[in-house]
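[1] got a predicted structure here, sequence first:
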Amino acid sequence: MLPSSHLPLNILFASETEDADAWLPRLKRALPQDRFFTRPEPDTDVALVATPPPGTFQPLKRLKLVQSLWMGVERLLDDPAFPKGVPLARLVDPGMVAAMSETVLAHVLDWHRHHYYYRLLQKDRRWHRLNQFLASDRTIGILGLGELGSDVAHKLDALGFNVVGWSRRPKKLEGVACLTSLDAVLERSDIVVCLLPLTPHTRGILNSKTLRKIKLGGAIINVARGGHLVAEDLIAALDSGHLAHAYLDVFEHEPLTHDHPLWQHPGITITPHTAALTEPRTAIPRIAENVERLRRGEPPLNLVDLDAGY
């Protein structure tokens, strides 16, 4: 009999959003001794999932690990069929982390260098210069200092911005003022970046009260989840002139409906949930590591605290 560290595992790939053809050849090369399926089998050991089709979990009677193909796991936790007692691991993908930082930096620089404003002037063929600021004149507030927020914070600090971050648990990051008071972070910030997990505690956190605490003429970047933002309150903050611009990549209901008022607002830049996509080339080594840890009887990495929701 083979030792447990060499036993093959049965692995299900189940997703309505990720392309199996892009994943499975690479997964099979990374885990050559294992068997892969795209339909639920009762003897499945590991489920690799992102928006799994309805009914995916019910047949899985001996499941040992659910490995998300995304960093966010709230949809899985909200699924009443999610198997109780089975460990759930988030995917911390280096390629996704890099892409998220690139997106945030692009939006911060767009606002900092007034490009959002000059695009509006171009439409009207108007020639008007705004004052130039140094990066050190600006304070960027990061809500959420996990893998994504920490990487963004370090890169903004390297560009010379003042960076202040908020997390519910105390953190220490070099070059970043890490606070546990949300109000203190908002009141110091010229622009706020939301990178929080979506939980009952963070739903609607960007609302009329909190948006008003951002400095006059500031901006908001939401690249976390649509449920963090109250859209009507954002529009009001923009229309009043308190905020200058907003960059939205995520929405409560996706795709954004054709008649949604966010589309037409001149103070909003919209992208279709593309701030950071899972990259199979960089994600699969992390997935393979968790599969091997499971095979050796070791706890997988990046396990979700089911009570906290992340």
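    Yep, it's here. Numbering: from 1, shown residues only.
[2] what's the neighbour count on Gly146?
    17 (other C-beta atoms under 10 Å). C-beta here means a position set from N, CA and C on the backbone, and glycine is covered the same way.
[3] low-scoring stretches of this structure, by residue?
    Scanning the chain with the threshold set as pLDDT under 70 gives 1-5.
[4] for it, which residue occupies the most central location?
    In the chain, the centroid-proximal residue (C-alpha atoms, centre = their mean) is Ala224; its distance is 4.5 Å.
[5] hang on, it in a strand?
    No - per DSSP: H, G, I helix; E, B strand; the rest coil, Ala224 lies outside any strand segment and is coil.
[6] pretty sure it contacts Leu195?
    Yes - counting by C-beta atoms under 8 Å, Ala224 touches Leu195, with 5.4 Å between them.
[7] hey, what's in contact with both of the two?
    Leu143, Gly144 (C-beta atoms under 8 Å, 6 or more residues apart in numbering).
[8] contacting residues for the residue nearest to the centre of the chain?
    Listed by C-beta under 8 Å, 6+ apart, the contact set of Ala224 reads Leu143, Gly144, Cys194, Leu195, Leu196, Pro197, Leu198, Val250.
[9] give the buried residues for the lengthiest helix in the chain.
    Longest helix in the chain by number of residues (criterion: DSSP state H): helix 94-112. By neighbour count with 16 or more other C-beta atoms under 10 Å, helix 94-112 contains the buried residues 95-97, 99-101, 103-105, 107-108, 110-112.
[10] coming back round to it: any chance of a markdown table for the contacts of Ala224, columns distance to Asp305?
    Below are the contacts of Ala224 laid out as a markdown table (distance: C-beta to C-beta, whole Å):
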| residue | distance to Asp305 |
| --- | --- |
| Leu143 | 19 |
| Gly144 | 15 |
| Cys194 | 20 |
| Leu195 | 18 |
| Leu196 | 15 |
| Pro197 | 10 |
| Leu198 | 14 |
| Val250 | 22 |
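[11] which ones among those residues lie within strands?
    Using DSSP state E, the members of these that fall within strands are Leu143, Cys194.
[12] pull out the buried residues from the contacts of Ala224.
    Leu143, Gly144, Cys194, Leu195, Leu196, Pro197, Leu198, Val250.
[13] what is the neighbour count of the closest residue to Pro261 other than its chain neighbours?
    With sequence-adjacent residues excluded and distances taken as C-beta to C-beta, 6 or more residues apart in numbering, Pro261 is closest to Ile235, at 6.5 Å. Residues lying near Ile235 (other C-beta under 10 Å) number 17.
[14] cool, and Tyr117?
    16.
[15] circling back: quick one, the helix or strand just after the longest helix of the chain and helix 94-112 angle?
    Counting by DSSP states H and E, the next helix or strand C-terminal to helix 94-112 is helix 115-124. Angle of helix 115-124 versus helix 94-112, following axes from the mean of the first three to the mean of the last three C-alpha atoms, to 10 degrees, is 60 degrees.
[16] just to revisit the earlier point, with distance to Ser167 added, can I get the buried residues of helix 94-112 in TSV?
    Output for these, formatted as TSV (distance: C-beta to C-beta, whole Å):
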residue	distance to Ser167
Gly95	24
Met96	20
Val97	17
Ala99	22
Met100	17
Ser101	17
Thr103	20
Val104	16
Leu105	20
His107	21
Val108	19
Asp110	26
Trp111	23
His112	24
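[17] beta-bridge partners for the closest residue in space to the residue nearest to the centre of the chain that isn't next to it in sequence, please?
    Once flanking residues are discounted, Ala224 sits nearest to Cys194: 4.6 Å by C-beta to C-beta, 6+ apart. Applying DSSP bridges to Cys194 gives these bridge partners: Leu143, Asn222.
[18] so Cys194 makes contact with Gly226?
    No - with contact defined as C-beta under 8 Å, Cys194 does not reach Gly226; the gap is 10.4 Å.
[19] ranges for the strands of the chain?
    10-15, 35-37, 46-50, 65-68, 88-89, 139-143, 162-166, 177-179, 191-194, 218-222, 243-248, 268-270.
[20] contacts for the second one next, please.
    With C-beta under 8 Å, 6+ apart as the contact definition, strand 35-37 has outside contacts at Pro8, Leu9, Asn10, Ile11, Leu12, Phe13, Leu24, Leu27, Lys28, Thr44.
[21] cool, and the last one?
    Outside of strand 268-270, the residues that reach it under the criterion C-beta under 8 Å, 6+ apart are 107, 110, 116, 234, 238, 245-249, 256, 262-263.
[22] noted, bye for now.
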